[in-house]
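Engineer: Sequence and computational prediction follow.
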Amino acid sequence: MLKLSDNPPMLWPDVASLTALEGSWWVAHTKSRFEKTFAHDLRGRGVGYYLPLSERVRVSGGRRRRVLAPVFPSYVFFCGSPEDRYTALATGRLCRVIDIVEQERFVRELSAIEQALAGSARLDPYPFAAVGGRCRVTQGPLEGLEGVVVQRTGTARLVLEVAILGQGAAVEIDADLLEPAE
């Protein structure tokens, strides 16, 4: 787990907004949990990128820790020339690169995410832990439990079902501790 100070910057190079970056945009689908390492690689190779990060609280070793987690797990957005695209592929940290057909629309959508994060808004992946979605607890004393999210305000209300009875019990849990159940 990285210290907050060891995380890559969300936007590189240091410009006022991602709209200032020149070139074509691509979406890098990274290998699992390689977003930050890939961002460090791009920075070292001089390729502009945007990696939206949101502060989360994780439970590790019985302690609550503040971490910066990607808003879109396994995805980093980068900008540049076709040579920069090749450079990104050459890092060995990607599953694939997704071409963006509607560049202007894509930049507008990313700018909205950038603006929300700059305004200190707390962003949660969606439909991650969406109401009605089946989720699994990833950490803490309830790790491994599965249920259906029925309410989502500050915390998620997860219903643990007993299907044969047609009933269940609800538990409130931090939404950051949930992942979609497959």
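Structural biologist: That came through fine.

Engineer: tell me which residues in the longest helix seen in the chain are buried?
Structural biologist: With residue count as the measure and DSSP state H as the assignment, the chain has helix 103-118 as its longest helix. By 16 or more other C-beta atoms under 10 Å, the buried positions in helix 103-118 come out as Val107, Leu110, Ile113, Glu114, Leu117. Every C-beta, even on glycine, is put in place using the N, C-alpha and C of the backbone.

Engineer: per-residue pLDDT, the last one?
Structural biologist: The confidence metric pLDDT takes the value 86 at Leu117.

Engineer: name the helices or strands packed onto the longest helix of the chain?
Structural biologist: When contacts are defined as 3 or more C-beta pairs under 8 Å, 6 or more residues apart in numbering; DSSP states H and E, helix 103-118 sits against strand 24-30.

Engineer: partner strands of the helix or strand that comes right after the longest helix of the chain, parallel or antiparallel?
Structural biologist: Along the chain past helix 103-118, the next helix or strand (assigned with DSSP states H and E) turns out to be strand 134-137. Using DSSP bridges, the neighbouring strands of strand 134-137 in the sheet come out as strand 146-152 (antiparallel), strand 178-180 (antiparallel).

Engineer: Could you tell me how far Glu143 is located from Pro73?
Structural biologist: Separation of Glu143 from Pro73 (C-beta to C-beta, to the nearest Å): 18 Å.

Engineer: And for Leu21, the neighbour number?
Structural biologist: Neighbour count for Leu21, taken as other C-beta atoms under 10 Å: 20.

Engineer: Likewise for Leu142?
Structural biologist: 16.

Engineer: Next, format the buried residues of helix 103-118 as a markdown table and append distance to Gly147.
Structural biologist: Below are the buried residues of helix 103-118 laid out as a markdown table (distance: C-beta to C-beta, whole Å):
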| residue | distance to Gly147 |
| --- | --- |
| Val107 | 38 |
| Leu110 | 33 |
| Ile113 | 29 |
| Glu114 | 34 |
| Leu117 | 30 |
